[in-house]
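Undergrad: here is my input; please provide its structure:
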Amino acid sequence: MSLLERNRYLLAQPFSKNVETYVCPISKSKNEVSDGLKIAGGWRFFNELRVIQKKENVFSESIMTPLKLIEEAKNESKEALQEAENVIDSITNKRLSFSNLNMSQPHIMGIINSTPDSFYKKSRSTNSSFAIKKSNQMISDGASIIDIGGESSRPGAKKISIEEEMQRVIPSIIDFKKNNLVTQISLDTRNLPTMKLGLESGVNIINDISGFADHNKIKFVSKSNLPVIVMHMQNEPNNMQIEPKYSFAPIDIYKILSKRVNLLIQMGVNKSNIVVDPGIGFGKNIYHNLEILRNVSLFHSLGVPILIGLSRKTFIHEVVVKGYKYEGITKRSISPTKRLSGSLAFAMHAYKNGIQIIRTHDVFETKQAIICQETMN
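TA: Numbers count the residues shown, from 1 in each chain. Down below sits the predicted model:
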């Protein structure tokens with residue numbers, strides 16, 4: 001159930017001091033709009049906005065055109081007008097190249113887990129030769145990024161030593177480089193020593209589930225000019241699913257990521273080196289995840305590319321079991337091996353909202369779905 005009240009009128013003039021104002025472009029295909037603006041210079045368009053406002057403990061949304069938003073803000077103040085213009089610019093400005101990848105088109109990130117306890121058995125890679133074989137297949141199927149991690153971040157997972165994490169991932173990264181894999185290599189780690197050794201071994205991107213909360217990590221990626229993926233996670237993997245709480249998850253996470261992006265830039269990280277990930281399933285329950293996905297276009301207002309990763313996650317099991325229950329059918333468990341269809345459904349929702357990077361275990365199937373969707377644009 002959504003926490004948003006839908007109203008014809010705003011709670012107050014947009015960007016006035018007594019309300020918080022947030023903007024979600026209503027994403028459409030080129031065929032659905034005749035005079036629309038491009039989202040992030042990409043493949044989706046909009047000619048209407050969902051304007052969400054928070055006043056005290058009330059969240060309300062109204063639909064209006066970009067021109068109407070500008071007019072309403074202008075009636076409030078010069079400062080409000082400037083904020084309205086800035087947010088429209090942030091949504092529409094073409095994203096800069098990220099790790100030599102054109103962010104005006106969708107990209108697929110293939111998952112390689114060098115972990116013995118990853119929640120999806122088929123994603124586990126026990127040695128570097130298997131990782132290379134699997135990565136080559138993913139590249140052939142359409143992956144432009146390979147994301148390799150050595151520490152499980154599934155709900156309830158215990159933290160391993162940094163030494164063990166390095167032993168799991170670094171040999172594969174070195175072999176990736178020796179075999180000249182034609183892809184961008186992303187290292188999924190939250191540990192600074194692993195990041196440093198990963199850089200020495202040839203990684204192109206650092207993907208941090210803890211969102212670069214440590215200033216030392218920010219200093220490192222700033223100095224090394226490494227592209228980064230900044231993810232949101234509430235608490236730690238071992239306790240993140242114990243009663244997570246938000247006032248309204250999309251807005252709460254947006255505010256956190258906005259502060260983190262600004263901090264990274266202030267500390268010398270190039271804006272073109274930043275991608276954000278709202279962290280589906282990382283300290284969120286089914287309702288939080290659904291609200292994030294329903295409002296995922298909100299994150300375009302941050303002015304940087306967005307990554308969504310929900311491939312085969314427990315969230316899909318929860319949604320499907322609940323859906324069957326609504327129809328009077330009992331399904332006790334939807335295992336990770338049976339979550340491909342749900343993964344693709346949500347991946348296409350992300351694609352249709354202009355999300356630039358989709359992280360998945362199933363590259364061929366996701367690429368096939370994108371190709372078919374693109375024929376409808």
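
Undergrad: surely residue 359 is in contact with residue 307?
TA: Yes - between residue 359 and residue 307 there is a contact at 6.0 Å, judged by Cβ atoms under 8 Å. (Glycine included, C-beta is placed from N, CA and C.)

Undergrad: how much space between the residue sitting furthest away from the middle of the chain and residue 13?
TA: Within the chain, the residue lying farthest from the chain centre (Cα atoms, centre = their mean) is residue 75, at 34.7 Å. Remark: distance between residue 75 and residue 13 (Cβ to Cβ, to the nearest Å) = 6 Å.

Undergrad: the stretch 151-300 of the chain: helices as residue ranges?
TA: Assigned by DSSP state H, counting those that start in this stretch, the helices in the stretch 151-300 of the chain fall at 162-178, 192-201, 215-224, 249-266, 286-294.

Undergrad: quick one: closest of those to residue 28.
TA: helix 286-294 (16.0 Å; Cβ to Cβ).

Undergrad: buried residues in the closest one, which are they?
TA: Neighbour counts over helix 286-294 (16 or more other Cβ atoms under 10 Å) mark 286, 288-294 as buried.

Undergrad: turn those residues into JSON lines, including pLDDT and distance to residue 318.
TA: Shown next, in JSON lines, are these (pLDDT from 0 to 100; distance: Cβ to Cβ, whole Å):
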{"residue": "286", "pLDDT": "95", "distance to residue 318": "4"}
{"residue": "288", "pLDDT": "96", "distance to residue 318": "11"}
{"residue": "289", "pLDDT": "97", "distance to residue 318": "8"}
{"residue": "290", "pLDDT": "97", "distance to residue 318": "10"}
{"residue": "291", "pLDDT": "97", "distance to residue 318": "14"}
{"residue": "292", "pLDDT": "97", "distance to residue 318": "14"}
{"residue": "293", "pLDDT": "98", "distance to residue 318": "13"}
{"residue": "294", "pLDDT": "97", "distance to residue 318": "16"}
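
Undergrad: would you list those in JSON lines and tack on distance to residue 216?
TA: Converted to JSON lines, those look like this (distance: Cβ to Cβ, whole Å):
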{"residue": "286", "distance to residue 216": "35"}
{"residue": "288", "distance to residue 216": "30"}
{"residue": "289", "distance to residue 216": "31"}
{"residue": "290", "distance to residue 216": "35"}
{"residue": "291", "distance to residue 216": "33"}
{"residue": "292", "distance to residue 216": "29"}
{"residue": "293", "distance to residue 216": "33"}
{"residue": "294", "distance to residue 216": "36"}
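
Undergrad: return the helix or strand in the protein with minimum mean pLDDT.
TA: strand 5-6 (a mean of 82; mean pLDDT, DSSP states H and E).

Undergrad: tilt between the helix or strand immediately after it in the chain and helix 286-294?
TA: As assigned by DSSP states H and E, the chain's next helix or strand after strand 5-6 is strand 20-25. Between strand 20-25 and helix 286-294, the angle comes out at 60 degrees (axes from the mean of the first three to the mean of the last three Cα atoms, to 10 degrees).

Undergrad: ok, strand 20-25: who's next to it in the sheet?
TA: Strand pairing for strand 20-25, using DSSP bridges, gives strand 49-55 (antiparallel).

Undergrad: who touches both of residue 359 and residue 307?
TA: 109, 277 (Cβ atoms under 8 Å, 6 or more residues apart in numbering).

Undergrad: can you pull the contacts of the closest residue in space to residue 210 that isn't next to it in sequence?
TA: Sequence neighbours aside, residue 190 is the residue nearest to residue 210 in space, at 4.2 Å (criterion: Cβ to Cβ, 6 or more residues apart in numbering). By Cβ under 8 Å, 6+ apart, the contact list for residue 190 reads 151, 208-210.

Undergrad: could you provide these in a markdown table, with additional columns for pLDDT?
TA: Formatted as a markdown table, the contacts of residue 190 follow (pLDDT from 0 to 100):
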| residue | pLDDT |
| --- | --- |
| 151 | 86 |
| 208 | 95 |
| 209 | 94 |
| 210 | 93 |
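
Undergrad: looking at those, spot the one nearest residue 4.
TA: residue 209 (27.8 Å).

Undergrad: tell me the contacts of that closest one?
TA: Residue 209 makes contacts with 153, 188, 190, 231, 233, 237, 279, 282, as judged by Cβ under 8 Å, 6+ apart.

Undergrad: tabulate these in JSON lines, adding columns for distance to residue 137 and pLDDT.
TA: Converted to JSON lines, those look like this (distance: Cβ to Cβ, whole Å; pLDDT from 0 to 100):
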{"residue": "153", "distance to residue 137": "24", "pLDDT": "77"}
{"residue": "188", "distance to residue 137": "19", "pLDDT": "95"}
{"residue": "190", "distance to residue 137": "28", "pLDDT": "94"}
{"residue": "231", "distance to residue 137": "26", "pLDDT": "97"}
{"residue": "233", "distance to residue 137": "30", "pLDDT": "89"}
{"residue": "237", "distance to residue 137": "28", "pLDDT": "76"}
{"residue": "279", "distance to residue 137": "27", "pLDDT": "96"}
{"residue": "282", "distance to residue 137": "27", "pLDDT": "93"}
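
Undergrad: most neighbours, which of these?
TA: Of all the contacts of residue 209, the highest neighbour tally under other Cβ atoms under 10 Å goes to residue 188, namely 30 neighbours.

Undergrad: run through the bridge partners of it.
TA: residue 149, residue 207.

Undergrad: what's the distance between it and residue 210?
TA: Taking Cβ to Cβ, one finds residue 188 at 11 Å from residue 210.

Undergrad: likewise residue 231?
TA: In terms of Cβ to Cβ, residue 231 sits 8 Å off from residue 210.

Undergrad: again, but for residue 108
TA: Counting by Cβ to Cβ, the gap from residue 108 to residue 210 is 24 Å.

Undergrad: how about residue 35?
TA: 42 Å.

Undergrad: okay, those two: which has more neighbours?
TA: Using other Cβ under 10 Å as the criterion, residue 35 and residue 210 rank with residue 210 on top: 18 against 7.
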